[in-house]
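Trainee: missing the sequence, but the structure's below:
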């Protein structure tokens, strides 16, 4: 990963993959819970439509889990409010739900999201974002260096 030129769109793709991998991991179960009752065998006409069928995608590969772990470490560089916005967008939530959760207008939430992606891209490229630069200026500077 060291030889990659990181951009906000590439960071976004990695975070979206991390959210997808995290959703495909098996459910956690409480250890020690044991049911001693035998399973009930029902006739077809008794059980048809009793429970919804749950379809799950196959579990992720080991390489995908490693990339997810790496991408989740990036979130510690951000403010908690920005982490929430970035993770909701990576999970595929619509902007309306992101705005409701964050308590921000659409333009402000989008600016926080872009700023967070730019900060991650700067840090992954080995640079530290300037502290005295506004969010808009950092986003504009990142877009200018991308060209």
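Mentor: That came through fine. Treat the numbers as computed from the prediction; the structure is a model and nothing was measured.

Trainee: any idea how far residue 100 lies from residue 109?
Mentor: Counting by CB to CB, to the nearest Å, the gap between residue 100 and residue 109 amounts to 10 Å. (Each C-beta comes from the backbone N, C-alpha and C, glycine too.)

Trainee: what does residue 85 give?
Mentor: According to CB to CB, residue 85 stands 6 Å off from residue 109.

Trainee: can you list residues touching both of those two?
Mentor: Shared contacts of residue 85 and residue 109 (CB atoms under 8 Å, 6 or more residues apart in numbering): 98, 102.

Trainee: Need the mean per-residue confidence for the longest helix seen in the chain.
Mentor: As assigned by DSSP state H, the longest helix anywhere in the chain is helix 106-124. Across helix 106-124, pLDDT averages out at 94.

Trainee: Name the residue in residue 85 and residue 109 with the higher neighbour count.
Mentor: A direct count of neighbours by other CB atoms under 10 Å for residue 85 and residue 109 places residue 85 higher, at 27 against 24.

Trainee: shouldn't the more buried one be in contact with residue 112?
Mentor: Yes. With contact defined as CB atoms under 8 Å, residue 85 counts as touching residue 112 (5.2 Å).

Trainee: quick one: common contacting residues for the two?
Mentor: Counting by CB under 8 Å, 6+ apart, the shared contacts of residue 85 and residue 112 are 102, 104.

Trainee: Report the distance from the helix or strand harbouring residue 20 to the chain centre.
Mentor: For residue 20, the element it lies in under DSSP states H and E is helix 8-24. Put simply, helix 8-24 sits 5 Å off its chain's centre (CA atoms, centre = their mean, to the nearest Å).

Trainee: Identify the residues contacting it?
Mentor: When contacts are defined by CB under 8 Å, 6+ apart, helix 8-24 is touched by residues 4, 56-60, 64-65, 67-68, 70-72, 74, 86-87, 89-92, 114, 117-118, 120-121, 124, 142.

Trainee: got the angle between it and helix 106-124?
Mentor: 100 degrees (axes from the mean of the first three to the mean of the last three CA atoms, to 10 degrees).
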